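A.B. asks: All I have is the shape, not the residue letters:
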């Protein structure tokens, strides 16, 4: 794509990246995909940024992550710049030590490319399941680069075409190995072991069913998990009902909570409060 056209897309509102609230159900699956790359996984697992620890501050961590998605998918260039600067302050502390099993740095653009690729791939999956598959276009793919450029990923690092993206994705996934440490950490997330009040077996079963349902088959294999026939039936039935329900939802409800999180971020900017 010509450079001038790419710059135009970067400056524009990312209107084609339609945010659907039901994407929240796919969140844990996307986290698994992101952390499957060892340098990303250990960067999160070993992070010393306590305020961003999912198990110690689940609500704050969820708000920060979901706000990032809202900013990347629905925010203006000015808002994305402000949020990038805020996230950078936390990322400055995320780097490997001499004792880390792998080397990592949160500012590594290659790692940010992978995280952005997972987020974009997740957007495509949500469109296929709940939204409008016709929105998965080459132009929407180019706009998807904001998932990385909202951080420090250079725009030119985003694979040039959707076909190039697929090749990058397949090669990266084929080389992935999830070790026992990260697998155990991820299963704690799937099992909703977030320090909240005890959850029923039904809630845990639901979390695992939705997570494994959204997780691509090759990642399920690498995680050593599989869906039972009952889980598969429930997942498919849930999605059929949700697709119908979405047709009748007004836009503010359809995009909730991303619209609320973006409004909260704008309020924080106006009142001088921390953004993350």
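C.D. replies: Arrived safely, thanks for sending. Only a predicted model underlies this, so the values are computations on that prediction, with no experimental measurement involved. Residues are numbered from 1 along each chain as shown.
A.B. asks: For the stretch 51-200 of the chain, give me the ranges with low pLDDT.
C.D. replies: For the stretch 51-200 of the chain, applying pLDDT under 70 flags the ranges 51-57, 193-199.
A.B. asks: what about 90?
C.D. replies: Within the stretch 51-200 of the chain, the ranges that satisfy pLDDT under 90 run 51-70, 72-77, 80, 86-94, 98-99, 131-132, 151-152, 188-200.
A.B. asks: just the helices in it please.
C.D. replies: 58-74, 77-91, 109-129, 138-143, 146-149, 162-174, 180-190 (DSSP state H, counting those that start in this stretch).
A.B. asks: Residue 121 is in contact with residue 144, correct?
C.D. replies: No. Under the criterion of C-beta atoms under 8 Å, residue 144 makes no contact with residue 121, lying 9.1 Å away. Every residue, glycine included, has its C-beta placed from N, CA and C.
A.B. asks: ok, these two, which is more surrounded?
C.D. replies: The residue with the greater number of neighbours, taking residue 144 and residue 121 and applying other C-beta atoms under 10 Å, is residue 144; the counts read 26 against 18.
A.B. asks: how about the more buried one, what does it touch?
C.D. replies: Residues near residue 144 by C-beta atoms under 8 Å, 6 or more residues apart in numbering: 17, 116, 120, 123, 158.
A.B. asks: let's see 6 Å
C.D. replies: Taking C-beta atoms under 6 Å, 6 or more residues apart in numbering as the definition of contact, the neighbours of residue 144 are residue 120.
A.B. asks: Can you tell me the closest non-neighbouring residue to residue 122?
C.D. replies: For residue 122, the nearest residue in space outside its immediate sequence neighbours is residue 30; the separation is 4.4 Å by C-beta to C-beta, 6 or more residues apart in numbering.
A.B. asks: Mind telling me what element the one you found is part of?
C.D. replies: When elements are defined using DSSP states H and E, residue 30 is found to belong to helix 27-35.
A.B. asks: what's the average pLDDT for that helix?
C.D. replies: When pLDDT is averaged over helix 27-35, the result is 93.
A.B. asks: Against which helices or strands is that helix packed?
C.D. replies: Using 3 or more C-beta pairs under 6 Å, 6 or more residues apart in numbering; DSSP states H and E as the contact test, the elements touching helix 27-35 are helix 38-45, helix 109-129, helix 180-190, helix 201-214.
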